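[1] Fold the following, please.
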Amino acid sequence: MHFVRRAAIVLIIAAAIIRFLYASPFASTWDEVDFALALDEYDIANMQPHFPGYPFFILGGMAIHHWIGNPTQALAILNAALAVTAIFPMYKLARRYVTVTQSFIVVALLQTSSYFSILVTQSMSEGAALSIVWWYMWVLIIAFEQRGFRFQVLPLVLFALLMGIRLSYAPFGIGIMFLLFCRHNRNTMRVVSLILLAALLQLIWVSALVWNVGGIDGLLKLAFGFVEGHFTEWGGAVTETKEPIVSRLYRLVVTNIVYVGVLSKSLVSGVILALLVAFLVVPKKRHFHREMKWETQLLVAITAVYFLWNLLAQNIDKPRHSYPIVMLFLFLFAVSSVKARPVSQWLLLMFSIAQLVTGLAFVKEQASQEPATYQLARYLEERKQPLIVYTWEETRVMDYLRVSYEHERFYTYDYYLQDKKYRQNDTIYVTNHLIDGFRKQGARVEGNLKKVAEFRSNPLFDPVYSEIILYEWRSN
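    You can find the predicted model right below:
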């Protein structure tokens, strides 16, 4: 047992070190550019960053930016540091189910997750938010057990911190609703006082946004614009796409949760996981509800609420939105496995080793190889000018890299045609993402396109812009 415990601890330490060593220096997406620019000048109205502002995440990044010059790496280091702190609540939650040694194995499984390492070494707010979720879950469960007022306040504080890092994790607030109306349903004054305190805590980060945009009116205008765009234009919610719900459900479960989130597209991890499933003893149905701990019921309920939110209101094209489901699944799966058959802890250890090895390869690749958006920008710098490239969202990265050539973002085919008339002496380039948008508007452009170059990076890092095809536009 001591060997197993030491091995698990070594895996946890190794995963933490790897993430600090390979923090990504690239701001390869629109959102990452927003975050990077915000460290030097926080201006929500100017998309630095975009609404809802992520004030606590940016504040932490600013602090680290004093020592790390690259703003993207500064945010990734913040994520890595918070991931280390999450070891403690992960362990404390696992100890509620299993032994000390088995708890370290559970933590090793969670910390070595390949996709978790990818997210934590990026400059996106998911890395920080995922770590805070573990602290929130832990103090929430404590609040259910301890009647003291200070214990009831802790989940409210952690939830306010979580919302100031990533607002899209709002469904986790259902845990506080359970706390208030299940634990304190007979104490109206306690419920009212905690609701008021929760609102005041949320106002801490909201007031920062109000101050930044110059008033409540400005903030509401940004908020309504963001919500409208998210659910009707670019957000990928079920209200914006025409994809059947069955197809979305399949992609969420099979692709985002299992293939990417759990396995990180690794065959070795898949084989070990299959063996784990074979070893797992499922309790008889008539005993299931009786044997399910109340903590498990709470975690399952919160996961179910977030699952529905992810399915209906978030962009299924981005598996990072689904990782909260993955990590809670991995936790419950791990504690169930070692409780059902202790021998499964060896398979969990093997799974953790496989994840660490594949995760190391991924974060090294992410930190050293240029993403497709950078490759595109560099390629065009070497082309003969004058030229202009029309893009979808790639232009944000080009602007961040301060390229020397002209670049424009257009979402409407008619506007593009109008602007193109003034570029008679320029070589005109367009990207496949722009063309895909034009095709959805009914435009027929095949006769005007000549393929010039193709740029690829790992879709695990950015599934949307991991493949960029550059075309030269030729008028008929």
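[2] What lies in contact with the one helix or strand Ala304 maps to?
    Per DSSP states H and E, Ala304 falls inside helix 294-313. Residues outside helix 294-313 that contact it (C-beta atoms under 8 Å, 6 or more residues apart in numbering): 93, 96, 137, 140-141, 144, 169, 171-172, 174-175, 178, 231, 235, 237-238, 245, 248-249, 252, 316, 321-322, 324-325, 328-329, 331-332. Just so you know, the C-beta spots here come from the backbone N, C-alpha and C atoms, and that holds for glycine as well.
[3] List only those of those residues flagged as buried.
    Neighbour counting with 16 or more other C-beta atoms under 10 Å marks 93, 137, 140-141, 144, 169, 171-172, 174-175, 178, 235, 237-238, 248, 252, 316, 321-322, 324-325, 328-329, 331-332 as buried within those.
[4] Excluding chain neighbours, what is closest to Val84?
    Leaving aside its chain neighbours, Val84 sits nearest to Ala16 (5.0 Å; criterion: C-beta to C-beta, 6 or more residues apart in numbering).
[5] number of nearby residues for the one you found?
    19 (other C-beta atoms under 10 Å).
[6] Please look at it and Gln111 and confirm they touch.
    Yes: counting by C-beta atoms under 8 Å, Ala16 does reach Gln111; the two are 7.1 Å apart.
[7] Which neighbours do the two have in common?
    Joint contacts of Ala16 and Gln111 (C-beta under 8 Å, 6+ apart) are Ala83, Ile87.
[8] circling back: quick one: contacts of the strand or helix carrying the residue nearest to Val84?
    Taking DSSP H and E as the definition, Ala16 sits inside helix 2-21. Helix 2-21 has contacts (C-beta under 8 Å, 6+ apart) with 77, 79-80, 83-84, 87, 100-101, 104-105, 107-108, 111-112, 117, 120-121, 345-346, 349, 352-353, 356, 359-360, 363.
[9] Report the rounded mean pLDDT for the helix or strand following the helix holding Ala304.
    Sequence-wise, the next helix or strand downstream of helix 294-313 (DSSP H and E) is helix 323-340. Mean pLDDT, helix 323-340: 92.
[10] again, but for stretch 411-431
    For stretch 411-431, the mean per-residue pLDDT is 90.
[11] Please apply the same query to stretch 348-368.
    Stretch 348-368 carries an average pLDDT of 96.
[12] Next: stretch 134-154.
    What stretch 134-154 shows for mean pLDDT is 93.
[13] Provide a list of residue ranges in the protein with pLDDT below threshold.
    Applying pLDDT under 70 to the chain picks out residues 1, 185, 230-236, 239-240, 279-291, 476.
[14] For it, just list every one of the strands.
    387-391, 406-409, 427-431, 449-456, 467-473 (DSSP state E).
[15] could the ones you listed go into TSV alongside distance to His184?
    Conversion of these to TSV gives the following (distance: least, C-beta to C-beta, whole Å):
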stretch	distance to His184
strand 387-391	53
strand 406-409	50
strand 427-431	55
strand 449-456	54
strand 467-473	52
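[16] quick one, which of these is nearest to Trp211?
    When the strands of the chain are compared by C-beta to C-beta, strand 406-409 sits nearest Trp211, at 29.6 Å.
[17] what are the pairing partners of the closest one, and which direction each?
    Here strand 406-409 is paired, per DSSP bridges, with strand 387-391 (parallel).
[18] Any of the contacts of helix 2-21 buried? List them.
    Using 16+ other C-beta under 10 Å, the buried ones in the contacts of helix 2-21 are 77, 79-80, 83-84, 87, 101, 104-105, 107-108, 111-112, 117, 120-121, 345, 349, 352-353, 356, 359-360, 363.
[19] Skipping adjacent residues, who's closest to Arg183 in space?
    Leaving aside its sequence neighbours, Arg183 sits nearest to Phe144 (C-beta to C-beta, 6+ apart; 5.7 Å).
[20] thinking the one you found is in contact with Ile176, fair?
    No: counting by C-beta under 8 Å, Phe144 sits too far from Ile176 to count as a contact (10.9 Å).
[21] So which bits of stretch 124-144 are buried?
    Buried residues in stretch 124-144, defined by neighbour count with 16+ other C-beta under 10 Å: 124-141, 143-144.
[22] let me fix that: stretch 406-420
    For stretch 406-420, the neighbour count (16+ other C-beta under 10 Å) marks His407, Glu408, Phe410, Tyr413, Tyr416, Lys420 as buried.
[23] Can you pick out the most distant pair from those?
    Within the buried residues of stretch 406-420, His407 and Tyr413 form the most distant pair, 17.7 Å apart (C-beta to C-beta).
[24] how about the helices in the stretch 1-150 of the chain?
    For the stretch 1-150 of the chain, applying DSSP state H, counting those that start in this stretch gives helices covering 2-21, 30-38, 55-65, 71-85, 87-95, 100-111, 114-120, 126-145, 149-163.
[25] would JSON lines of those helices with distance to Arg341 be doable?
    As requested, the helices of the stretch 1-150 of the chain are exported to JSON lines (distance: least, C-beta to C-beta, whole Å):
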{"stretch": "helix 2-21", "distance to Arg341": "14"}
{"stretch": "helix 30-38", "distance to Arg341": "43"}
{"stretch": "helix 55-65", "distance to Arg341": "41"}
{"stretch": "helix 71-85", "distance to Arg341": "29"}
{"stretch": "helix 87-95", "distance to Arg341": "17"}
{"stretch": "helix 100-111", "distance to Arg341": "12"}
{"stretch": "helix 114-120", "distance to Arg341": "25"}
{"stretch": "helix 126-145", "distance to Arg341": "26"}
{"stretch": "helix 149-163", "distance to Arg341": "34"}
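[26] what's the closest of those to Glu446?
    Across those, Glu446 has its closest neighbour in helix 30-38 (27.4 Å, C-beta to C-beta).
[27] Could you check the angle that closest one makes with helix 71-85?
    In terms of direction (axes from the mean of the first three to the mean of the last three C-alpha atoms, to 10 degrees), helix 30-38 departs from helix 71-85 by 100 degrees.
[28] From the contact counts, what lies against helix 30-38?
    helix 55-65, helix 71-85, helix 394-401 (3 or more C-beta pairs under 8 Å, 6 or more residues apart in numbering; DSSP states H and E).
[29] Pick the most buried one from those.
    helix 71-85 (a mean of 24; mean count of other C-beta atoms under 10 Å).
[30] And for that one, what's in contact with it?
    16, 19-20, 23-27, 32, 35-37, 39-40, 57, 60-61, 64-65, 67-68, 111, 116, 119-124, 127-128, 130-132, 135.
[31] Please compute how far it lies from its chain's middle.
    Offset of helix 71-85 from its chain centre (C-alpha atoms, centre = their mean, to the nearest Å): 14 Å.
[32] what separates Trp392 from Arg474, distance-wise?
    Applying C-beta to C-beta, to the nearest Å, the value for Trp392 to Arg474 is 20 Å.
[33] out of these two, which sits in the busier spot?
    Set Trp392 next to Arg474 and count neighbours by other C-beta under 10 Å: Trp392 wins out with 23 against 10.
[34] Isn't the more buried one up against Leu434?
    Yes: judged on C-beta under 8 Å, Trp392 makes contact with Leu434 at a distance of 4.9 Å.
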